[in-house]
Each structure stands twice: as structure tokens, then as C-alpha cells.
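Undergrad: Here is a sequence with its predicted model. Questions after.
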Amino acid sequence: MKIIEYFASNNKVHWLDEIAKADWGVAKFLHQFLSEGKLKETVGGSALVPLLTDGEKLVSFCTLAPLDDVQPTELSPWIGFVYTAPEYRDHHYAGELLKWAENTATTMGHEAVYISTNHIGLYEKYGYEFFKTAKSIDGEETRIYRKKLSKDGEKKQ
């Protein structure tokens with residue numbers, strides 16, 4: 001297994017096809033944004049899409065971007081579109097992508113990362129804590145989780 005970044009990939013068409021196979025409605029939005037070249041316009045120019053791959057198969061994906069579905073906001077960056085293919089679930093593969101995103105955000109100088117979700121009990125096992133509720137861009141209540149990032153191996157309090 002290895003993590004590649006979609007925008008740095010030499011085979012974007014293949015990975016778009018793999019994203020299209022996802023059995024989750026929100027993945028269809030990601031596919032559309034990427035197909036139309038509108039992801040960075042929507043969530044910020046520095047958006048990244050890490051893909052956990054098993055050869056040519058897509059195991060898991062997410063985004064790391066300045067914005068997500070809570071806009072406007074001063075909070076940034078956001079991890080979004082977190083998905084793992086059914087045959088790879090229950091092995092914490094999404095955790096590998098979360099760690100990649102967290103390390104990337106730390107390298108960029110961020111002190112925390114945020115996730116907007118209504119899942120309870122999923123991200124807590126990866127060190128995320130409930131931060132607050134907010135309205136998403138579609139007007140729905142969403143829960144915001146935050147993980148403070150460590151610098152140089154120190155644990156944030």
C-alpha cells in the first residue's frame with residue numbers, strides 16, 4: 001500500500017475512475033469537482049487529495065484543504081471526503097490518510113486540523129475531539145472535530 005497525491009499523479013484518469021466507483025454520495029461530489037477542475041476553486045487553491053492505493057486499486061481517500069462545508073470560517077485546514085472502499089474497511093486505513101494529512105498540515109505550519117461530520121465515535125479513535133457545532137453551506141447542523149497538531153514530536157495540550 002502507498003499514498004499518492006491525486007494532483008501529483010501521472011494517471012489522474014485512472015484515479016478518477018476509481019473515485020467514481022465509491023458507494024457514497026459525497027464521493028460523487030468529489031469526482032465531479034475533480035472532473036470539472038473545480039475542487040481548488042471550491043475549497044481552496046492548496047487543496048490536496050491523498051489516495052491510499054493497493055497497486056491500481058483505490059483503498060481510501062480524503063482531502064486536505066483550506067475550506068470544507070462550513071463556510072465562511074476562520075478555521076483551517078479541513079480534512080474532508082474521508083472514504084474507504086468496503087472491502088478494505090475495519091483495518092484503520094483511513095487513519096493512514098488522516099496521519100498523512102496531519103503531517104502535511106504540520107509541515108505547512110498549522111497547529112490544528114478540522115473535520116466536519118455528523119459521525120460520532122469515528123474520528124475520536126484517531127485523536128479528534130468534538131470542538132463545536134456549526135451550519136454547513138447547505139444550512140444543516142454539523143459537528144466540527146479538531147485535532148491539535150504537535151510540532152517536533154511534542155504532544156499538544
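TA: It's in.

Undergrad: Strands of the chain, residue ranges please.
TA: Along the chain, counting by DSSP state E, strands occupy 2-5, 50-54, 57-65, 78-84, 112-117, 129-135, 141-148.

Undergrad: who touches the shortest one?
TA: With contact meaning C-beta atoms under 8 Å, 6 or more residues apart in numbering, strand 2-5 is reached by 15, 48, 49, 50, 51, 52, 53, 96, 97, 100. From N, CA and C alone the C-beta is placed, and that goes for glycine too.

Undergrad: what about the helices in the chain?
TA: 12-20, 25-35, 39-43, 93-107 (DSSP state H).

Undergrad: can you list those in CSV and add distance to residue 138, mean neighbour count and mean pLDDT?
TA: Below are those laid out as CSV (distance: least, C-beta to C-beta, whole Å; neighbours: other C-beta atoms under 10 Å; pLDDT from 0 to 100):
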stretch, distance to residue 138, mean neighbour count, mean pLDDT
helix 12-20, 21, 15, 97
helix 25-35, 11, 16, 95
helix 39-43, 13, 18, 96
helix 93-107, 24, 18, 97
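
Undergrad: Switch the ones you listed over to TSV; also include distance to residue 129.
TA: Converted to TSV, the helices of the chain look like this (distance: least, C-beta to C-beta, whole Å):
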stretch	distance to residue 129
helix 12-20	29
helix 25-35	23
helix 39-43	23
helix 93-107	14
